[in-house]
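Student: Coordinates only, no sequence provided:
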């Protein structure tokens, strides 16, 4: 019989090996693949559907409302994915605080069971009672004449068992391990909240930067339109003088060529403004194709000076920059984690309680007179526990070293971030001061260029200015208008960078909200 079983087992193994080999060399493609096209696109379609489900529909802004810069920032902060991501991270950090605080509470577990089974008890005995019969006592008299005896017992039974227990564990004292864990989680929550604030400020800055670029391109378009009108005026004046015989044909052709070049520049500026609006819509989190009415920002209303000194700006940044404060909170969390690691070397004292009940019913067979044995057990106990891990393969030492290294890295990151913040504020302060000066120069340049062109045009009509002089005046006017537009955008962007560097980026950084106000006076920065 054993040989026949071995033969069947060998046959089954041979069949399995043969089937495995055929599958390994089979040219049949895998499921979801084709020899010509590779993997089927079904997983990609499923992933694309999942991506669409991950993007909740957002209510589009009202297209009949005129939106200013603060309104666009508000739309971006509500629709931008970066703020949602930071918010969810902050929620996770808040849940982690609750998880750490849960260590202060006892844990209670209840277990209940019911079932049954079968047991079989077999006992074989062999005893030599002759030596006991030779004793000079009552046992010897009782076993007199007894010799070697053998016996066996075979008892089988089916049984059912029901039980329930409640177990209570409560850590009473751990030398500060739990408090350090709670402190670390609270610092991580503070860092997450500050990171959320940083995300809001970065979103606001991206909107302001895109808005400044869009306004600059629209100003360029306006300047190109003014230049085109001036070029056409020059062309009409040149044509009138040519008909009177007071202008040569080359000068007339030069005026027409200049008008065509101005038309090309106007179309280029219009296209750039359209692309800049797309960038602004993306920064604000608008759906593709959304067209809004946007109010231009009046840069002329900004103050013309920076009255807060650089040192005060740096002090503000070190005290308010949310990303810098988040790194400081992260360093505090590492300090708490290091204390928690060191507390793991010390013992722990706790309380253990247990209450249990069980009932077992046995149905015994083959033993006459002994058919049922039932018993129940109740147990109530309480223990004061003392746990002290003496050796763990240097696991705690390695964990402490890793935590200490992470803390040192966080300290270095904080120092590096502080130096970077100081450098950024210094750079942004200088750029803002220069942008204000450039804006004033551009305004004076526009006034001078307009006066020059009007004077040149009047002199051209009177025959006092030739065509090259008039075209140079028109080119100077176009250059001044472009410089004026660029200086306005540069001022707005530099103000946004300065507010971001000082940690005061928001919808009110340009006024009204007072985010760049002096702390000791009522003077407001631009």
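Tutor: Arrived safely, thanks for sending. This is a predicted model, so every value here is computed, not measured.

Student: Let me see the ranges of the helices in the protein.
Tutor: 2-25, 42-54, 69-79, 81-101, 130-133, 138-142, 177-243, 249-283, 310-320, 322-343, 395-461, 467-501 (DSSP state H).

Student: ranking the ones you listed by mean pLDDT, which is last?
Tutor: Ranked by mean pLDDT, those bottom out at helix 2-25, with a mean of 44.

Student: about what we covered before: could the helices of the chain be laid out in JSON lines, adding mean neighbour count and distance to residue 165?
Tutor: Using the backbone N, CA and C atoms, a C-beta is placed for each residue, glycine as well. Formatted as JSON lines, these follow (neighbours: other Cβ atoms under 10 Å; distance: least, Cβ to Cβ, whole Å):
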{"stretch": "helix 2-25", "mean neighbour count": "9", "distance to residue 165": "45"}
{"stretch": "helix 42-54", "mean neighbour count": "9", "distance to residue 165": "45"}
{"stretch": "helix 69-79", "mean neighbour count": "20", "distance to residue 165": "53"}
{"stretch": "helix 81-101", "mean neighbour count": "15", "distance to residue 165": "27"}
{"stretch": "helix 130-133", "mean neighbour count": "14", "distance to residue 165": "46"}
{"stretch": "helix 138-142", "mean neighbour count": "11", "distance to residue 165": "45"}
{"stretch": "helix 177-243", "mean neighbour count": "21", "distance to residue 165": "27"}
{"stretch": "helix 249-283", "mean neighbour count": "17", "distance to residue 165": "61"}
{"stretch": "helix 310-320", "mean neighbour count": "16", "distance to residue 165": "56"}
{"stretch": "helix 322-343", "mean neighbour count": "21", "distance to residue 165": "32"}
{"stretch": "helix 395-461", "mean neighbour count": "16", "distance to residue 165": "32"}
{"stretch": "helix 467-501", "mean neighbour count": "22", "distance to residue 165": "60"}
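
Student: and those helices as TSV, adding distance to residue 290?
Tutor: Below are the helices of the chain laid out as TSV (distance: least, Cβ to Cβ, whole Å):
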stretch	distance to residue 290
helix 2-25	55
helix 42-54	19
helix 69-79	10
helix 81-101	17
helix 130-133	106
helix 138-142	107
helix 177-243	14
helix 249-283	6
helix 310-320	34
helix 322-343	30
helix 395-461	31
helix 467-501	23
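
Student: Nearest approach to residue 361 belongs to which of those helices?
Tutor: Among the helices of the chain, the nearest to residue 361 by Cβ to Cβ is helix 138-142 (37.9 Å).

Student: Surely residue 99 and residue 185 touch.
Tutor: Yes - taking Cβ atoms under 8 Å as the definition, residue 99 is a contact partner of residue 185 at 7.2 Å.

Student: circling back: to residue 117, which of the helices of the chain lies closest?
Tutor: Nearest of those (Cβ to Cβ): helix 2-25, 29.6 Å.

Student: Tell me which residues touch the closest residue to residue 456 other than its chain neighbours, please.
Tutor: Nearest residue to residue 456 in three dimensions, chain neighbours excluded: residue 473, at 3.7 Å (Cβ to Cβ, 6 or more residues apart in numbering). Residues near residue 473 by Cβ atoms under 8 Å, 6 or more residues apart in numbering: 449, 452-453, 455-457, 465.

Student: Residues contacting stretch 200-207, please?
Tutor: 69, 72-73, 76-77, 80, 82-83, 86, 280, 283-284, 322, 496-497, 499-500, 503, 505-507, 509.

Student: 10 Å instead, please
Tutor: 69-70, 72-83, 86-87, 279-280, 282-285, 321-323, 493, 496-497, 499-501, 503-507, 509 (Cβ atoms under 10 Å, 6 or more residues apart in numbering).

Student: tell me the contacts of the nearest residue to residue 316 once chain neighbours are set aside?
Tutor: With sequence-adjacent residues excluded and distances taken as Cβ to Cβ, 6+ apart, residue 316 is closest to residue 502, at 4.9 Å. Taking Cβ under 10 Å, 6+ apart, we find residue 502 in contact with 308, 312-321, 421, 424-425, 428-429, 509, 515-516, 525.

Student: 7 Å instead?
Tutor: Counting by Cβ atoms under 7 Å, 6 or more residues apart in numbering, residue 502 touches 313, 316-317, 320, 425.

Student: Format those residues as TSV; extra columns: distance to residue 181.
Tutor: Output for those, formatted as TSV (distance: Cβ to Cβ, whole Å):
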residue	distance to residue 181
313	38
316	34
317	32
320	29
425	36
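
Student: of the residues you listed, closest to residue 329?
Tutor: Using Cβ to Cβ, residue 320 comes nearest to residue 329 of the contacts of residue 502, at 13.9 Å.

Student: wait, that closest one sits on residue 504?
Tutor: Yes - counting by Cβ atoms under 7 Å, residue 504 is a contact partner of residue 320 at 6.4 Å.

Student: follow-up on the earlier one: what's the distance between the residue nearest to residue 316 and residue 415?
Tutor: As defined by Cβ to Cβ, to the nearest Å, residue 502 lies at a distance of 20 Å from residue 415.

Student: so how far is the lengthiest strand in the chain from its chain's centroid?
Tutor: The longest strand of the chain (DSSP state E) is strand 148-173. Remark: strand 148-173 is offset 54 Å from the chain centroid, using Cα atoms, centre = their mean, to the nearest Å.

Student: So for it, mean pLDDT?
Tutor: 84.

Student: residues of that strand that come out buried?
Tutor: 157, 159, 163, 171 (16 or more other Cβ atoms under 10 Å).

Student: so what's the last one closest to, chain neighbours aside?
Tutor: The one in question is residue 171. Leaving aside its sequence neighbours, residue 171 sits nearest to residue 350 (Cβ to Cβ, 6+ apart; 4.6 Å).

Student: looking at it, that neighbour is touching residue 170, isn't it?
Tutor: Yes - between residue 350 and residue 170 there is a contact at 5.9 Å, judged by Cβ under 7 Å.

Student: how far off helix 177-243 does the longest strand of the chain point, in degrees?
Tutor: Counting by axes from the mean of the first three to the mean of the last three Cα atoms, to 10 degrees, strand 148-173 lies at 50 degrees to helix 177-243.

Student: Adjacent strands (with direction) for strand 148-173?
Tutor: Paired strands of strand 148-173, with direction, are strand 107-128 (antiparallel), strand 348-365 (antiparallel) (DSSP bridges).

Student: in the shortest one, what counts as buried?
Tutor: Across strand 348-365, burial judged by 16+ other Cβ under 10 Å covers 348, 350, 361-362, 364.
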